[in-house]
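K.L.:
The sequence and its predicted three-dimensional model are supplied below.
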Amino acid sequence: MPSTLPTVLTRKIQKSGYYPAFVTDVLDIALAGETVLAHLVHGETTFDVETIRRHLSVVVLTDSRLVFVHADDHGGDEEHGDQAHGIATSEAVPLDAVRSVMITHVTPAPERYRAGSLGRELTLTIGWGAVSRVDLEPASCGDPQCEADHGFTGSLTGDDLSLRISADAEGDRALSDAIEFARTLSAMTAGRR
C-alpha cells in the first residue's frame, strides 16, 4: 500500500537516514488514514562506552490525536542477540488527553537577546499521564541542629515525551520546525479539557 503521509514529512524522514521505509510504514499504520496537520522529525545519536545508537522521533498532529513514533537500534547485546534490530514503537494519544505542553527556550547572552530570535535551543516536553518521574530528597525541618529523620519530600513530574532541539547541533531549520510544531501543538491543546 502506498503511504498516505505528506510528501514533506516523508522527505524529512528519508533525510534522517534512519530506516526511512520502516519508520514511514510504522507511522502510516499509526495514523490510520488521518490527515497530518503538523509534524516534527527529530534524530538523535547517543554514545556509550562500546556502542553508538541512533534514535528517531516523529511526532504528528491530526485533528484529534498526537501520534508519536520512536525508532531506535538494538542488537549486539544479551537481550537482542548479535544481529542488529531496528525497533519502532508508535503511540496515539487523543488531544484532549494531553495534560501539558512545556516549551523551554535557551538563549546565550540573554542581555543581547533580540526580540523574535527565540534563542538557540528548545526542549519540548509533552505530558499525557502515561509516564511520570518521581524526584525524591530527604526532608528537613529547617533546624540545622536537628538530626531527626523527617522522611522524604519530592515531586511527581509528567514526562511522557521530551525532545531537545539545538540549532548549534542540528541547524536553524530544525529549531524553526520545532518552534512551529510547539506553537501548533499549544494552540490545538488549549482549552480542550
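P.N.:
That came through fine. Everything numeric here is computed off the predicted structure, so don't read it as measured data.
K.L.:
now for the strand or helix carrying residue 104, which elements pack on it?
P.N.:
If you go by DSSP states H and E, residue 104 is part of strand 100-106. On a contact count with 3 or more Cβ pairs under 8 Å, 6 or more residues apart in numbering; DSSP states H and E, strand 100-106 meets strand 121-127, helix 172-189. Using the backbone N, CA and C atoms, a C-beta is placed for each residue, glycine as well.
K.L.:
following the helix-or-strand element of the chain with minimal mean pLDDT, which helix or strand shows up next?
P.N.:
Using mean pLDDT, DSSP states H and E, strand 152-158 stands out as the lowest-scoring helix or strand of the chain, at a mean of 72. Once strand 152-158 ends, the next helix or strand along the chain (criterion: DSSP H and E) is strand 161-166.
K.L.:
list the helices and strands that following strand packs on?
P.N.:
Strand 161-166 sits against strand 38-47, strand 52-61, strand 121-127, helix 172-189, with contacts defined as 3+ Cβ pairs under 8 Å, 6+ apart.
K.L.:
export those to JSON lines and tack on mean pLDDT?
P.N.:
Formatted as JSON lines, these follow (pLDDT from 0 to 100):
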{"stretch": "strand 38-47", "mean pLDDT": "85"}
{"stretch": "strand 52-61", "mean pLDDT": "88"}
{"stretch": "strand 121-127", "mean pLDDT": "91"}
{"stretch": "helix 172-189", "mean pLDDT": "93"}
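K.L.:
closest to residue 145 out of the ones you listed?
P.N.:
strand 121-127 (39.8 Å; Cβ to Cβ).
K.L.:
could you give the mean pLDDT of the helix or strand following the closest one?
P.N.:
Beyond strand 121-127 in the direction of the C-terminus, DSSP H and E gives the next helix or strand as strand 132-138. Mean pLDDT, computed over strand 132-138, is 75.
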